[in-house]
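Q: give me a model of this one.
(3 chains)
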Amino acid sequence: MKTGGRSKGAARKDTKEALKPVDDRKIGKRKVAAKPSKAKAVKGKKDPNKPKRPPSAFFVFLEEFRKTFKKENPNVKAVSAVGKAGGEKWKSMSAAEKAPYEAKAAKKKSEYEKLMNAYNKKQESSAEQGEEGSERSGSEVHDDEEESEHDEDDEDDEE
DNA sequence: ATAGTGATTGTTGGA
DNA sequence: TCCAACAATCACTAT
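A: Alright, predicted model coming up:
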């Protein structure tokens, strides 16, 4: 039944280029700017619910890659080495290989949205409501391996 | 001693 | 629409 349910995926070829304004153009140093967090955070309020950005598929792959890389190169002590090697390999991987990583990344995003929801709710609700250590709610997530990834659309459309 | 840096790409959110 | 900053990691280095 994918004849009718073909909403996203194809038909976005035109915007594809538009969506990709930068291929590998150096916009500048993406280095993280000053981080007045820790030192300042100590004084300011702590945001235990502050959801950090979900790791992209690349990071998911990188995490595993790091282990392998370090395992074969225990002498390498440069994060840049793993990053470069990982990035190179990542580009070498096919969409099919990245699929599982992307799937995981997709899930991470789902959780991120959920965390954000709670984070927003908290902020909107009240600054303090007595949850500083009063986390006693059985909100155990069911980590079932039930992924509904059955939307394998076309993957051959890569010029 | 603390925290910032270096390098990778992707994702997300803001302007 | 587009850009910019940040996500992990780990040893080193600067103040």
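
Q: quick one: low-confidence ranges for chain A?
A: A:1-49, A:120-159 (pLDDT under 70).

Q: which helix is the longest one in it?
A: helix A:95-125 (DSSP state H).

Q: can you pull the buried residues of it?
A: Neighbour-count burial for helix A:95-125 flags A:98, A:101-102, A:104-105, A:108, A:112, A:119, A:122 (criterion: 16 or more other CB atoms under 10 Å). All C-beta atoms are positioned from the backbone trio N, CA, C, and that covers glycine.

Q: redo those residues as JSON lines? Include distance to residue A:61.
A: Output for these, formatted as JSON lines (distance: CB to CB, whole Å):
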{"residue": "A:98", "distance to residue A:61": "7"}
{"residue": "A:101", "distance to residue A:61": "5"}
{"residue": "A:102", "distance to residue A:61": "9"}
{"residue": "A:104", "distance to residue A:61": "9"}
{"residue": "A:105", "distance to residue A:61": "9"}
{"residue": "A:108", "distance to residue A:61": "13"}
{"residue": "A:112", "distance to residue A:61": "18"}
{"residue": "A:119", "distance to residue A:61": "27"}
{"residue": "A:122", "distance to residue A:61": "32"}
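
Q: residues touching residue A:53, list them.
A: Counting by CB atoms under 8 Å, 6 or more residues apart in numbering, residue A:53 makes contact with residue A:112.

Q: could you look up the SS state of it?
A: coil (DSSP: H, G, I helix; E, B strand; the rest coil).

Q: let me see the backbone angles for it.
A: With angles defined as degrees, to the nearest 10, residue A:53 sits at phi -60, psi 140.

Q: and the gap between it and residue A:60?
A: Distance, residue A:53 to residue A:60, by CB to CB, to the nearest Å: 13 Å.

Q: so which helix or strand takes in residue A:81?
A: helix A:79-92 (DSSP states H and E).

Q: hmm, that helix in reach of DNA strand B?
A: Yes: using CB under 7 Å from any atom of the strand, helix A:79-92 reaches DNA strand B at A:79-80, A:83-84, A:86-88, A:90-91.

Q: list buried residues within those.
A: The neighbour count (16+ other CB under 10 Å) marks A:86, A:90 as buried among the residues of helix A:79-92 next to DNA strand B.

Q: can you pull the contacts of residue A:66?
A: Counting by CB under 8 Å, 6+ apart, the residues that residue A:66 touches are A:82, A:86.

Q: helix or strand for it, which one?
A: helix A:57-72.
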